[in-house]
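> here is a sequence with its predicted model. Questions after.
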Amino acid sequence: MMSNQELLDNEMGSPPSVVDVEKVIANERRRVRYRRLGAAGVLAASAVALALVVSALPNSGAATQARVGTKPRPTATVSPNLVTQSDAEALLGGFLIACEDPTTYALAGHGVPCPKVERGRIYDVDGHYCADDWHLVSSQLVDTKPNLEKYRPLQSIDGVILKTTRTPIRLIDPAYSQQHFGGQYYYIQIGVILPPQQISPGKHSLRQFTADHSFDRQIPFTIDRSGTGVCADS
Amino acid sequence: MKRVDEDEYRAYVMARMDRLQRAAYLLCRDWHTAEDLVSVTFGKLYRNWSRAQQANSLDAYVQTILMRSWLDEARRPWRRERVTDNMPDLPAPDRSDVIDRLSLIDVLSELSPRRRAVVVLRFYFDLSVQETAERLGCSPSTVMNLSSQTLEAMRNRAAAINQMTEEISS
């Protein structure tokens, strides 16, 4: 007797083509390169900003001379990899789907640094996130305006309903929308921004759902402690 | 990713390619979309390869990514199909060849994305209720309910098709 799998295999036939694994690998390598470039860019920008601030200080040269020969004081530094409040706010306004492909990063808009999307947005099943980061918990949808107006998902973490913000309904870049969706569509995000340490380290469960249960998504994720896991990259 | 890891990754995805593409086809009923879904799945697997290797079952990890990708994909408007949790009334046929095209896969395509995912996991991958629940991130009782309702609907559909076939042949 044939198994269910054999029956269905016979009925569907063979795939006409196969996935180009080398292309997948090349895309992912490119994505990693962009992430590194993004992190390096943030670091460079921070250094330039710091230099500008120091040079703008009155008598900065004299102050530097006065410290020669003294032990420098330890200063608090913010890692460029950490997701800040402004990053999380930018993520909430951004068209995050554009971050799926390095060639469309520029369309993410709203100053979203795409390399930080994976780290800052709690969205991936079994994803690991850092307790030191600010986080965005959101649901983004692309659709027509009337459908987006009706889109009212709820979000909960470990059963606690989150108080969410609705972004305005925004137009997707026309060329992108035409190419990817075959027409002009809009997008919206419904999300909440959480400060560091708001979610305790350990395993948690995010649920995104609609009241009528037409959409119900469970996302188990883990918050790593400072200095461990994802936080070790900070 | 190191070259040795990349070789392992490549070997794994090549070995699982056919099975996953077929499963993806059952979910979306379109070979091109199935290829996209499997590409997305392999991309996510590449990014999480070291974590995936530490999972209890690499196949389970990949099946979970595929199902999540499908459920996400099904929500996008350019992929959206008319889906329903209730089986639609059978349309009145005017040609007998309509019957020939109504196959098991056709019946599957009338289910909502989540129900399709349950059917594919339970009856194509031959997973238990518990395993299916883990892949979909829901409770075993939800899977049991969805399975029994879906099977009942599919049986009714098959019975209606048989009745139509008899009426047309007589």
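Cool, got the structure.
> wait, what's in contact with the residue positioned nearest the centre of chain B?
Geometric centre of chain B, nearest residue: residue B:27, 3.2 Å, by Cα atoms, centre = their mean. The neighbours of residue B:27, taking Cβ atoms under 8 Å, 6 or more residues apart in numbering or on different chains as the test, are B:34, B:37, B:70, B:113, B:116-117, B:120. (C-beta placed from N, C-alpha, C; glycine too.)
> change it to 10 Å
With contact taken as Cβ atoms under 10 Å, 6 or more residues apart in numbering or on different chains, residue B:27 is in contact with B:33-34, B:37, B:66-67, B:69-71, B:73-74, B:108-109, B:113, B:116-117, B:119-120, B:124.
> near chain A, which of these show up?
B:34, B:37, B:67, B:69, B:71, B:74, B:108, B:113, B:119-120, B:124 (Cβ under 10 Å from any Cβ of the partner chain).
> returning to what we had before: ok, now how distant is the residue nearest to the centre of chain B from residue A:12?
Applying Cβ to Cβ, to the nearest Å, the value for residue B:27 to residue A:12 is 11 Å.
> quick one: common contacting residues for the two?
residue B:34.
> how about the residue in chain A positioned nearest to chain B, nearest residue that isn't a chain neighbour?
In chain A, the residue that lies nearest chain B is residue A:218 (3.3 Å; Cβ to the nearest Cβ). Once flanking residues are discounted, residue A:218 sits nearest to residue B:137: 3.3 Å by Cβ to Cβ, 6 or more residues apart in numbering or on different chains.
> so the one you found touches residue A:207, yeah?
Yes: here residue B:137 reaches residue A:207: they are 8.8 Å apart, a contact under Cβ atoms under 10 Å.
> overlap in contacts, those two.
Going by Cβ under 10 Å, 6+ apart, residues that sit against residue B:137 and also against residue A:207 are A:216-219.
> tell me the helix or strand right after the worst-scoring helix or strand of chain A on mean pLDDT.
Least confident helix or strand, chain A: helix A:60-67 with a mean of 38, by mean pLDDT, DSSP states H and E. Later in the chain than helix A:60-67, the nearest helix or strand by DSSP states H and E is helix A:85-93.
> buried ones in that following helix?
Neighbour-count burial for helix A:85-93, counted by 16 or more other Cβ atoms under 10 Å in any protein chain shown, picks out A:87-93.
> pop out the phi and psi values for the residue nearest to the spatial centre of chain A.
With distances taken as Cα atoms, centre = their mean, chain A has residue A:117 as the residue nearest its mean C-alpha position (1.8 Å). Dihedral pair for residue A:117: phi -60, psi -50, per degrees, to the nearest 10.
> I'd say it and residue A:91 touch.
Yes: using Cβ under 10 Å, residue A:117 is in contact with residue A:91, at 6.4 Å.
> mutual contacts of the two, please.
Joint contacts of residue A:117 and residue A:91 (Cβ under 10 Å, 6+ apart) are A:83, A:99, A:108, A:136.
> and those, which are buried?
Buried among those by 16+ other Cβ under 10 Å: A:83, A:99, A:108, A:136.
> how about the contacts made by the third one?
Shown in contact with residue A:108 (Cβ under 10 Å, 6+ apart): A:90-91, A:93-100, A:114, A:117.
> coming back round to it: could you point out the helix or strand that follows the host helix or strand of the residue nearest to the centre of chain B?
Per DSSP H and E: residue B:27 is located in helix B:3-28. Sequence order places helix B:31-47 as the next helix or strand after helix B:3-28, per DSSP H and E.
> got the CA positions of that next one in PDB?
The C-alpha trace of helix B:31-47 is given here as PDB (Å, rounded to 0.1, in the frame of the first residue of the first chain):
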ATOM      1  CA  TRP B  31       6.000  25.600  -8.200                       C
ATOM      2  CA  HIS B  32       7.500  29.100  -8.500                       C
ATOM      3  CA  THR B  33       6.200  30.200  -5.100                       C
ATOM      4  CA  ALA B  34       7.300  26.900  -3.700                       C
ATOM      5  CA  GLU B  35      10.800  27.600  -4.900                       C
ATOM      6  CA  ASP B  36      10.700  31.100  -3.400                       C
ATOM      7  CA  LEU B  37       9.600  29.600  -0.100                       C
ATOM      8  CA  VAL B  38      12.400  27.100   0.000                       C
ATOM      9  CA  SER B  39      14.900  29.800  -1.000                       C
ATOM     10  CA  VAL B  40      13.700  31.900   2.000                       C
ATOM     11  CA  THR B  41      13.900  28.800   4.200                       C
ATOM     12  CA  PHE B  42      17.500  28.000   3.100                       C
ATOM     13  CA  GLY B  43      18.500  31.700   3.600                       C
ATOM     14  CA  LYS B  44      17.200  31.700   7.100                       C
ATOM     15  CA  LEU B  45      18.900  28.300   7.700                       C
ATOM     16  CA  TYR B  46      22.200  29.700   6.400                       C
ATOM     17  CA  ARG B  47      22.000  32.700   8.800                       C
END
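> all set, thanks.
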